[in-house]
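In: build me a structure from this.
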Amino acid sequence: MTPSPDSAAAPLSQHIEHLAWAPLLPPWLLATLGGVCVAGIAVGLLRRASGTLWRAAGLAAILLWLAGPHLVRATWQPLPQTALLVVDQTGSMGVGQRGAIAQAAAQRLREAVGRLGIALRTVSVTNTGAGGTRLFDAIMRAAADIPRGQLAGILAVTDGEADDVPAAWPEQLSGHRPGGTPVPLQVLLAASGEQTDRRLRVLQAPPYGIIGRDATLRVEVEDLGVPAGEHATATLTLRRDGDPPLVRQVPVGAPQDITLPVDHPGPMLVELQASPLAGEVSTLNNRAVVSINGVRDRLRVLLVSGAPSQGERVWRRLLKADPSVDLVHFTILRPPDKDDTTPLNELALIAFPTRELFQEKINSFDLIILDQFENRGILPLAYLQNIADFVRGGGGLLLTAGPEFIGRSTLQDTPLGDILPAHVPEDGGLLEERFTAMPTALGRRHPVTADLPQMPGPGSTAEAAAGGSWGPWFRALRADQSHGEVLLTAPDGSGGRSPLLVLDHVGSGRAAMLLSDQIWLWSRGEGGGGPQAELLRRIAHWLMKEPELEEEQLTASVAHGRLTVTRRSVEEHPARQVTVTAPGGRHATLDLSPGADGVLSGSLPASSTGIWTVSEGRLRAFAASQPEDPVEIADLRATATRLAGVVRQSGGATTWLGDDPARLHMPGLRLVDANATAAGAGWIGLRRTGAHVVTGSTSRPLLPPWLVLPAALLALFIGWRREGRS
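Out: Prediction:
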């Protein structure tokens, strides 16, 4: 609200005379004397005594003089009257030519008020949040700065879409005293008459949906300002993440349930658009955007530990702490080839359910972790082939390897060897010395290892890193070949570096190898420890294809009217241009600027409401531009119905200005008396308040003592003489 007071010419001083009393005796004593005098005169009249009337005249003169009649002359000056001009400049006034109409009408009103010789204060109403048009909040704040009794009227230029209309006209705007004449509210609407509008309302939308299940939206199409049709229908168009649109006919005025499948993790943007209504004022509120975040119901993880170890505890603690993970864990305590003559009925162990896990239910898991698993006939080759097929079909496999991985008939010599990203030779495959894991250049950019806590700097050497940020390990496998993405390395014993953490895409699935069984040392704080929980969490979630850990990411978001695009890549020289498609279909090219760790970003204005699409090669991202104030655009009609009640209570009127700012239907403006009607055919009025301030007063007695006392004594003397002669 921005008030701007204008001044008017100061009114001339005026005066008035009136009778006042200043008794010379206390009222009770004066009343007693009057009673005694009346009683004496009454006795004289009853006795028919001569001179009684003369005595009555003398006593009356004395009593009147004692009452102290004075003639008071007061000089006063009328206080300036103020009119309040409220101009609506909220979002709904941007429809059509409402803004231009309002400005032209406001200028005409300023000129008319100036001719009446009263002051004018102008208030602009703008959107300040998500509460719509707060017209009366602005009126009450401005009126609080005007002395009560000096407000002649309120002139409001608006479209009638106020969202804070009081149930009754405020008592603060009811004249200079409680229960006084109301301050008239004169409403001038920037339109030629009642308008129609169609809007789309989202009644219910889930914030998230389970992947593989359906999410249900409840929406309703409403037609405002038109009689309800018995068979009115509208065309509803749905677009999901840029997919081909879905079109369906829906009845107007009835809630509709729409079911959509949730088929991928992360945000899913759904744009809904209702067909236009013939003659409606705007289609801005015919569209809505809903964001549903796709999440997994339960991440099923199968953890098989080859033997009890410290690493097993790390994995179990990490996975059990995640409420979204459903963990199935087996530890091999007694391999099949062990023969210690113990009867089977005396063993407190359960048989390893190989057939159930690796044939019947293998596809129910999202991730399989083989921790220091040694293939000693526990799993037949057919089951190992099932694991390989599980990965190629979209599953995840993580293998943590130690000394058990060296030798003949290890897992790399089975069907699993075709999907493992590294190979360890039988000879010289084990390194046992103090070392610190070092990230590669790729590892510093890859989301799995980028920005890990305590990460050694890019200039660290193996010797310097040994006492650096990450704690040391003492055993690792040395790979003679690898494929995929090498993120961490260990010494190879000859001055070079050997892969330590390798990730790879296999068919539709993913595989990862950690070529050491000593990550648990970080959890024990050895040499300062390290981020073992965060690293293992990221590896597991990358294997389960969580969007925030993808190597190539393109994300977009809209905030405060700007579209921000972020591109993360593991490539050294990623593309620096993306194509942006606005909700209306217009294409534009956006240049991205490089940042740290391979992150590129850029932004551009995004004023259109709807889904913005960003693409670069095979990558696509979507962002929803929502209106900053949904309440403001919920109803875009120009209407007199919302303000009709308070306008009637205030004694004002509603005037339609028309649709052309050059040819306004302006009413005449008059200044009327306080109790007169404030509106009529073709005119509206401001009320005279009568507020004034007394600038001075003089007083003179009506009965001077030099005149009253002799006259009273003379009347009493005449009465005495006449009584003496009778």
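
In: all contacts plus neighbour counts: C-alpha atoms, from now on.
Out: Noted.

In: tell me where this protein has helices.
Out: For the chain, helices defined by DSSP state H occupy the ranges 27-47, 52-67, 98-116, 135-144, 310-321, 354-355, 381-392, 441-445, 462-466, 520-523, 532-543, 644-650, 705-725.

In: just checking, what packs against the last one?
Out: Taking 3 or more CA pairs under 8 Å, 6 or more residues apart in numbering; DSSP states H and E as contact, the helices and strands that helix 705-725 lies on are helix 52-67.

In: for the helix it packs on, packing partners?
Out: Using 3+ CA pairs under 8 Å, 6+ apart as the contact criterion, the elements in contact with helix 52-67 are helix 27-47, helix 705-725.

In: re the thing from before, if you average pLDDT over each of the helices of the chain, which is lowest?
Out: Lowest mean pLDDT within the helices of the chain: helix 462-466, at a mean of 43.

In: turn the helices and strands packed on helix 52-67 into JSON lines, including distance to residue 122.
Out: Putting those into JSON lines (distance: least, CA to CA, whole Å) gives the following:
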{"stretch": "helix 27-47", "distance to residue 122": "53"}
{"stretch": "helix 705-725", "distance to residue 122": "59"}
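
In: out of the ones you listed, the one nearest residue 534 is which?
Out: helix 27-47 (95.6 Å; CA to CA).

In: returning to that earlier point: compare the helices of the chain and give me the one nearest residue 506.
Out: Short answer: helix 381-392, nearest of those by CA to CA, at 5.5 Å.

In: can you list the buried residues in that closest one?
Out: 383, 384, 385, 386, 387, 388, 389, 390, 391, 392 (16 or more other CA atoms under 10 Å).

In: then stretch 653-664?
Out: For stretch 653-664, by 16+ other CA under 10 Å, it's 653, 654, 655, 656, 657, 658, 659, 660, 661, 664.

In: turn the helices of the chain into a markdown table, including distance to residue 406.
Out: Converted to a markdown table, these look like this (distance: least, CA to CA, whole Å):
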| stretch | distance to residue 406 |
| --- | --- |
| helix 27-47 | 123 |
| helix 52-67 | 128 |
| helix 98-116 | 80 |
| helix 135-144 | 78 |
| helix 310-321 | 18 |
| helix 354-355 | 24 |
| helix 381-392 | 18 |
| helix 441-445 | 26 |
| helix 462-466 | 25 |
| helix 520-523 | 20 |
| helix 532-543 | 23 |
| helix 644-650 | 88 |
| helix 705-725 | 136 |
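
In: ok, which of the ones you listed comes nearest residue 182?
Out: helix 644-650 (5.3 Å).

In: tell me which of the helices and strands packed on helix 52-67 approaches residue 262 most closely.
Out: helix 27-47 (93.0 Å).

In: for the closest one, name the packing helices and strands.
Out: helix 52-67.

In: only alpha carbons, please: show the helix it packs on as CSV.
Out: Only the C-alpha atoms of helix 52-67 are listed here, as CSV (Å, rounded to 0.1, in the frame of the first residue of the first chain):
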residue,chain,number,x,y,z
THR,A,52,-47.2,41.3,44.8
LEU,A,53,-46.5,41.4,41.1
TRP,A,54,-43.9,44.1,41.6
ARG,A,55,-42.2,42.1,44.3
ALA,A,56,-42.3,39.0,42.0
ALA,A,57,-40.7,41.1,39.2
GLY,A,58,-37.9,42.3,41.5
LEU,A,59,-37.2,38.9,42.9
ALA,A,60,-37.2,37.3,39.4
ALA,A,61,-34.7,39.9,38.3
ILE,A,62,-32.4,39.2,41.2
LEU,A,63,-32.6,35.4,40.7
LEU,A,64,-32.0,35.7,37.0
TRP,A,65,-29.0,37.9,37.7
LEU,A,66,-27.7,35.3,40.2
ALA,A,67,-28.1,32.6,37.5
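
In: the inter-axis angle of it versus helix 27-47?
Out: Helix 52-67 and helix 27-47 are oriented at 170 degrees to each other (axes from the mean of the first three to the mean of the last three CA atoms, to 10 degrees).

In: taking helix 705-725 as reference, get the angle to helix 52-67.
Out: Relative orientation of helix 52-67 and helix 705-725, computed by the same axes, to 10 degrees: 160 degrees.

In: gap between helix 52-67 and the chain center?
Out: For helix 52-67, the separation from the chain centroid amounts to 83 Å (computed by CA atoms, centre = their mean, to the nearest Å).

In: if I look at the one residue sitting closest to the centre of the chain, how far off is residue 163?
Out: In the chain, the residue lying closest to the centroid (CA atoms, centre = their mean) is residue 130, at 6.7 Å. Going from residue 130 to residue 163 by CA to CA, to the nearest Å gives 11 Å.

In: likewise residue 280?
Out: Here the criterion is CA to CA. By it, residue 280 lies 21 Å from residue 163.

In: which non-adjacent residue is nearest residue 538?
Out: residue 448 (5.3 Å; CA to CA, 6 or more residues apart in numbering).

In: next, count neighbours for the one you found.
Out: 24 (other CA atoms under 10 Å).

In: again, but for the one 4 residues further on
Out: Using other CA under 10 Å as the criterion, residue 452 is surrounded by 16 other residues.

In: that one touches residue 531, doesn't it?
Out: Yes: using CA atoms under 8 Å as the test, residue 452 is close enough to residue 531 to be in contact (7.0 Å).

In: hmm, back to that, redo the buried residues of stretch 653-664 as TSV? Include pLDDT.
Out: As requested, the buried residues of stretch 653-664 are exported to TSV (pLDDT from 0 to 100):
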residue	pLDDT
653	93
654	94
655	94
656	95
657	94
658	93
659	92
660	92
661	91
664	92
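
In: about what we covered before: tell me who's in contact with the residue nearest to residue 538.
Out: Applying CA atoms under 8 Å, 6 or more residues apart in numbering, we find residue 448 in contact with 535, 538, 539, 542, 549.

In: so who does the residue nearest to residue 45 when sequence neighbours are not counted touch?
Out: Sequence neighbours aside, residue 52 is the residue nearest to residue 45 in space, at 6.6 Å (criterion: CA to CA, 6+ apart). Residues counted as contacts of residue 52 (CA under 8 Å, 6+ apart) are 41, 44, 45, 719.

In: most surrounded residue in the residues you listed?
Out: Using other CA under 10 Å as the neighbour criterion, residue 719 leads the contacts of residue 52 with 21 neighbours.
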